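# take this sequence and fold it.
(3 chains)
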Amino acid sequence: MANNQNNYAMRTESNGTSVHARRILAYTVLVLVSFLCLFWFYLLFINSTRSNAELTRGFTPFPSNYLITNWTNLKNGTLPIFSGMVNSLIVAAATAALATYFSTMTAYAIHAYDFKLKKFMFTFILMVMMIPTQVTALGFIQLIGKMKLDDNFIPLIVPAIASPAVFFYMKQYMDSVLPLSLVEAARIDGSGEFRTFNSIVVPLMKPAIAVQAIFSFVTSWNNYFTPALVLHTDSKKTLPILIAQLRSADWLKFDMGQVYVMIAFSIFPVIIVYLILSRYIVGGLTLGGVKG
Amino acid sequence: MKKKFLSVVLCATMVAGMLTACGNTAATAPAETPAETADATDATAETPAADTAVAADEGKVLNIYCWNDEFQRRVKDHYPGYTEVDATTGTIGDVTVKWNITPNQDNAYQNNLDENLLKQADAAADDKIDIFLVEADYALKYVDEDVTLPVADLGITDADIADQYKYTQDVMTDSNGVLKGLSWQGCPGVLIYNREAAKEVLGSDDPAEVQKAVADWDAFSKTAAEMKKAGYSMTATTNDAYRVFSNNVSGKWVQDGKVVIDENIMKWVEMSKDMADKGEVASTSDLWSEDWNKGFYPDGKVFCYFGPAWMINFSMAADKEGSIANAGGWGATEGPQGFFWGGTWICAAQGTDNAVLIADIMKALTTNKDIMLDIVTADSDFVNNKPAMEEAAGKDEFAFDVLGGQNPLAMFAKGAENCDLSNQCAYDQGCNEEFQKAMKNYFDGNATLDEALAAFKKAIVEKYPDVTAE
Amino acid sequence: MKKTSKVVKYNKWGYIFLIPFIVIYLVFQMIPLVTTIYNSFFENYRSGLKIIGPNFVGIQNFITIITNGDLPTYFKNTMIMWVMGFVPQIVISLILGAWFTDPSLRLKGQAFFKTVMYLPNLIMASAFAMLFFTLFSLSGPINSILLQIGVIKEAYQFMAHVWSVRWLVAFMNCIMWFGNTTILLMAGMMGIDPSLFEAAQVDGATATQIFYKITLPLLKPILIYVMITSLIGGLQMFDVPQILTNGTGDPMRSSMTLIMYLNKHLFSKNYGLGGALSVFMFIITGILSLIVFKFTNSGEKN
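Predicted structure coming up:
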């Protein structure tokens, strides 16, 4: 490792100017990209501090002083925003948990065992990954109706157990971090297969699970399409549906200031969840890495 | 890590729970005041006593389906005997009122209503829909079916509703001539003009003088050219005038299962294209967009809008310093043709077990002159009651600040008399929406007229598979 | 002999661990897929409150879709907008990934940049589209800025031009997803054995050469993963163009995607025509997936 660094150091010295130039370029691009990423949050914040009448005036780069008013109006309105947030949390957290845990399990089945249908199953799962969810939306609604699961969280959560894309990632990751010898060793120690999976495999997969947990959580949190088809009762609705509801308020109550406050309100929890899990993305994930 | 995460979630949930609790107390506290006022009106006004209304052998739950809380507020503030329990429940006597509010977005309100109306026969008595609300654009979809109860069956006679504007009843009359719903509102519209621009270009901001410049569509176009010279746009968007044309058609959108484009609608296309090409309208954007809003301010340089009373009062940024409305800089005149915009109708659902109570609510809100005058004062609605509006038209207290002290009610009343809605059909909503969307392509120069018309027909067939286009 | 039976004993766990996936897949995806296909042979929709059908019509729904000829157009729109967004997305992600993993650059504040990149994905697509709509409207800030610095003489109608709408959609997708891609690619890059880079450097390879000769080939599996998932996401493109164009896909449906078209048939609960459309989409994705698998397989051989 020391040798390694020496090598780099030598290189850096030999073409220091070029590295310097590249570094300036890299910082410039990164700052620009970061601006493009953060700008939207700034916009949301500005807009949520403005009254509806001010919003009709178009854009200004400075905040106004209606944040509290907008928030009070929203909170005292007819929309159950807090139960909406709890619902969103339940659905998104459960989806993320089920998707990552069972996809890891499925990936482990393909990775660690040799059985007749192994090749077929792997190909099959990759094939079904290709079917867009919306293609079967019509059939899905009918099925939910027949199963009497209308207006219920189950059709939003349980299907996450079969998430081909998450599986695919887990499989790729497992190939690089999980040597089968480790599993063998556990067997010799007398560990049952299920226990081995839970106590050895899952902890090893933590970084990958964190990444996919964030992805699944965010996707589910922001999903409007399926929940809008399934949920009907106000007290069961998730935040994206309530935002849509707010946007269709009547002329007397139509208030874009409230809409923006609500959007900001609904982003807040995801940011927290993301920041908690992001250390794996920023640091942890790179420890393992993925090889084909 | 997991523990930490869990504790964060738990905290969040707890905080959310606490906030909910706070939210509830905050929400109920101010709600008590209107309830008291309702009690007060109960005592003074000679209104049908709520007790007698519900004394009959009736259901104990009144389910009301609507898309916002407008009607809820009218009932809360003006129907004697209504007490609010929380945001979506209330009581009238010993009957519980349940409000089922679904937004209009993506057609969700109608989807939800349709599902429940189809299940109505099998639903338990307390789950059956009793009242649902509709808008004019799709009223016939429900009125022409058995799902709505004729108003006469509720015991409301023609004499009871003689003071209502005829167009509000036309909207709710089915193809056999049976009236099936009533409204407390009238939403006739006028041409709302920028007084500053009128003075500058037309030499006067007097409604009678301005009317001469917009008396018919030819005059309207001529004025548009003059406005353009002075740096003003005639309207903010091409869609502004659409409603005025579509309210004055000579035939229905769909005839014998085939979509027919009326001559008057084509006149709108012709005029709008001409104005768009000459730059006499500010944009081809949708109503309610930023480009539409900008004329609410002096630097938006827009001459006129078409709108009803509610738009003047609530949608033109009157509460914003610096807007034309805030300075009372608008004027109102009749404009080229009569039209209406908006309005909510009350329907009784077939299968309801609260017929007497529904009849009482309908009578109180849509025929009782005293209650309706209260609505005018409290909510600035234009109500569906000729004597009430005639009375209000003569009073200075009903002058509109937004209009610089002008009282436009007489103008509205005249417009309401002239509205002719005999050419409505169940497909109006989709047809009007898709037509304006398709024509935008033509106005923007992205399609020829024929291509745009073809795009419209394609969209209609997708939306209504039972309608043919050729 | 004993050893084999033991292996067999363990391997049955392969099946056991697959059970949850298979069961859930069969119930929640296979059944809807089959009913969707079944529905496609019937006339079945709502007209107002009336339910029309189901009446068996054979392949009439498929004929309707083929004869009106719209499907290829919407497929083309979808793919154009996907490629327009995906190419810059993958390029930016590769460059950023390379910079982050390049030890000679020693970039400071990496944790900040890496965290920030994924943030746009947290905003709901619909909220994001609303913001864009405001920014790019005729009287919006982008137009006023462009007017002020004199780039344009009069306000540009972003929503009324085919390519500006498509670029906006692509740009939004790119912003929303490049962080996701960068994270995945970075993971792949960090997994490459550092000794390979050392060897290359000893041989005097430049940074560019190392990137093309070592990083890129070794990154192929993860690149394929990114491509496949992004292609699937691209084919499912819906909310961004739907909200940006108010569901019209205008101008003249040049930004209407396949799912937006499918969504049009949900209005009248048209199970028949919608089902037939889904079958076509199934076939399209099937063909595309075969092409991608060809790539994957050749990659494995190498």
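# now the strands for the stretch 301-450 of chain B?
Counting by DSSP state E, counting those that start in this stretch, the stretch 301-450 of chain B has strands at residues B:304-308, B:330-333, B:345-348.
# could I get the pLDDT score of the residue nearest to C:Pro251 when sequence neighbours are not counted?
Nearest residue to C:Pro251 in three dimensions, chain neighbours excluded: B:Asn446, at 4.0 Å (CB to CB, 6 or more residues apart in numbering or on different chains). Quick note: C-beta positions are derived from backbone N, CA and C, even for glycine. Here, the pLDDT recorded for B:Asn446 equals 92.
# which residues of the stretch 51-200 of chain C lie near chain B?
Contacts of the stretch 51-200 of chain C with chain B, taken as CB under 8 Å from any CB of the partner chain, map to C:51-52, C:68, C:70, C:133-134, C:137-140, C:157, C:159-162.
# of the strands of the stretch 301-450 of chain B, which is nearest C:Gln89?
Among the strands of the stretch 301-450 of chain B, strand B:304-308 comes nearest to C:Gln89, with 42.9 Å by CB to CB.
# would you list the strands of the stretch 301-450 of chain B in TSV and tack on distance to B:Asp205 and mean pLDDT?
Formatted as TSV, the strands of the stretch 301-450 of chain B follow (distance: least, CB to CB, whole Å; pLDDT from 0 to 100):
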stretch	distance to B:Asp205	mean pLDDT
strand B:304-308	12	93
strand B:330-333	6	94
strand B:345-348	36	95
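# all strands for the stretch 1-150 of chain C, in order.
Counting by DSSP E, counting those that start in this stretch, the strands of the stretch 1-150 of chain C are C:42-47, C:50-56.
# out of those strands, the one nearest chain A is which?
Chain A lies closest to strand C:42-47 among those, at 9.9 Å (CB to the nearest CB).
# how about that closest one against chain A, any contact?
No. Between strand C:42-47 and chain A, judged by CB under 8 Å from any CB, nothing touches; the nearest distance is 9.9 Å.
# surely C:Phe113 is in contact with A:Ser34?
Yes. Between C:Phe113 and A:Ser34 a contact is recorded at 6.1 Å, counting by CB atoms under 8 Å.
# give me the neighbour count for A:Phe197.
Other residues near A:Phe197 come to 20 when the count uses other CB atoms under 10 Å in any protein chain shown.
# residue ranges with poor pLDDT in chain C?
Within chain C, the segments meeting pLDDT under 70 span C:1-8, C:191, C:293, C:295-302.
# can we see that at 50?
For chain C, the stretches flagged by pLDDT under 50 are C:1-4, C:299-302.
# which among the residues of the stretch 51-200 of chain C next to chain B count as buried?
Buried members of those, counted by 16 or more other CB atoms under 10 Å in any protein chain shown: C:52, C:70, C:133-134, C:137-140, C:157, C:159-161.
# contacts with chain A among those, please.
Among these, the ones lying near chain A by CB under 8 Å from any CB are C:134, C:139-140.
# closest to chain B among those residues?
Out of those, the member with the shortest distance to chain B (by CB to the nearest CB) is C:Ser139, at 4.8 Å.
# and that closest one, how far from C:Gln157?
11 Å (CB to CB, to the nearest Å).
# over to C:Cys174?
As for C:Cys174, its distance to C:Gln157 is 22 Å (criterion: CB to CB).
# just give me the neighbour total for C:Ile123.
C:Ile123: 25 surrounding residues under other CB under 10 Å.
# need the contact list for it.
Shown in contact with C:Ile123 (CB atoms under 8 Å, 6 or more residues apart in numbering or on different chains): A:40-41, A:44, A:222, A:263, A:267, C:176.
# what does C:Phe158 give?
C:136-137, C:142-143, C:164-165, C:168.
# check whether C:Phe41 really touches C:Ile63, as I assumed.
No. If you go by CB under 8 Å, C:Phe41 and C:Ile63 don't touch, sitting 11.7 Å apart.
# compare those two (neighbour count), which wins?
The residue with more neighbours, out of C:Phe41 and C:Ile63, is C:Phe41; 19 against 12, by other CB under 10 Å.
# return the distance of the more buried one relative to B:Val461.
C:Phe41 is 20 Å from B:Val461, where distance means CB to CB.
# what's the closest non-adjacent residue to C:Phe28?
Excluding its sequence neighbours, the residue lying closest to C:Phe28 (CB to CB, 6+ apart) is A:Pro159, at 4.0 Å.
# and that neighbour, what pLDDT?
We have a pLDDT of 93 for A:Pro159.
# re the thing from before, tell me which of the strands of the stretch 1-150 of chain C sits most buried.
Greatest average neighbour count among the strands of the stretch 1-150 of chain C goes to strand C:42-47 (a mean of 20), per mean count of other CB atoms under 10 Å in any protein chain shown.
# pull up the pairing partners for that strand, direction included.
Within its sheet, strand C:42-47 is paired with strand C:50-56 (antiparallel), according to DSSP bridges.
# name the helix or strand for the residue in chain A positioned nearest to chain B, please.
Here chain A gets closest to chain B at one residue, A:Ala53, 3.3 Å apart by CB to the nearest CB. Using DSSP states H and E, A:Ala53 sits in helix A:52-56.
# C-alpha coordinates for that helix, PDB please?
C-alpha atoms of helix A:52-56 as PDB (Å, rounded to 0.1, in the frame of the first residue of the first chain):
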ATOM      1  CA  ASN A  52     -51.200  32.100  -3.400                       C
ATOM      2  CA  ALA A  53     -51.500  35.600  -4.700                       C
ATOM      3  CA  GLU A  54     -47.800  36.100  -4.600                       C
ATOM      4  CA  LEU A  55     -47.300  32.900  -6.500                       C
ATOM      5  CA  THR A  56     -49.500  34.300  -9.300                       C
END
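# where does it sit relative to the chain's centre, distance-wise?
Counting by CA atoms, centre = their mean, to the nearest Å, helix A:52-56 is centred 33 Å from the centre of its parent chain.
# is the helix or strand following that helix positioned near chain C?
Using DSSP H and E, the helix or strand that follows helix A:52-56 towards the C-terminus is helix A:67-76. No. Using CB under 8 Å from any CB, helix A:67-76 stays clear of chain C, coming no nearer than 14.9 Å.
# what helices or strands is helix A:67-76 leaning on?
helix A:256-279, helix B:2-44 (3 or more CB pairs under 8 Å, 6 or more residues apart in numbering or on different chains; DSSP states H and E).
# let me see the contact set for residue 121.
If you meant another chain, say so; for now it's chain A. For A:Met121, the contact set (CB under 8 Å, 6+ apart) comprises A:109-110, C:18.
# should've been chain C
Counted by CB under 8 Å, 6+ apart, C:Asn121 has contacts A:218, C:176-177, C:179-180.
# go on, B:Pro408?
By CB under 8 Å, 6+ apart, the contact list for B:Pro408 reads B:190, B:309, B:312, B:332, B:400.
# how about 7 Å then?
Going by CB atoms under 7 Å, 6 or more residues apart in numbering or on different chains, B:Pro408 touches B:190, B:332, B:400.
# and the residue lying closest to B:Ile358 once chain neighbours are set aside, bridged to which residues?
Spatial nearest neighbour of B:Ile358, excluding adjacent residues (CB to CB, 6+ apart): B:Ala348 at 4.7 Å. On the basis of DSSP bridges, B:Ala348 is bridged to B:Ile131.
# does B:Ala348 touch B:Gly155 like I think?
No. Applying CB atoms under 7 Å, one finds B:Ala348 not in contact with B:Gly155, separated by 11.0 Å.
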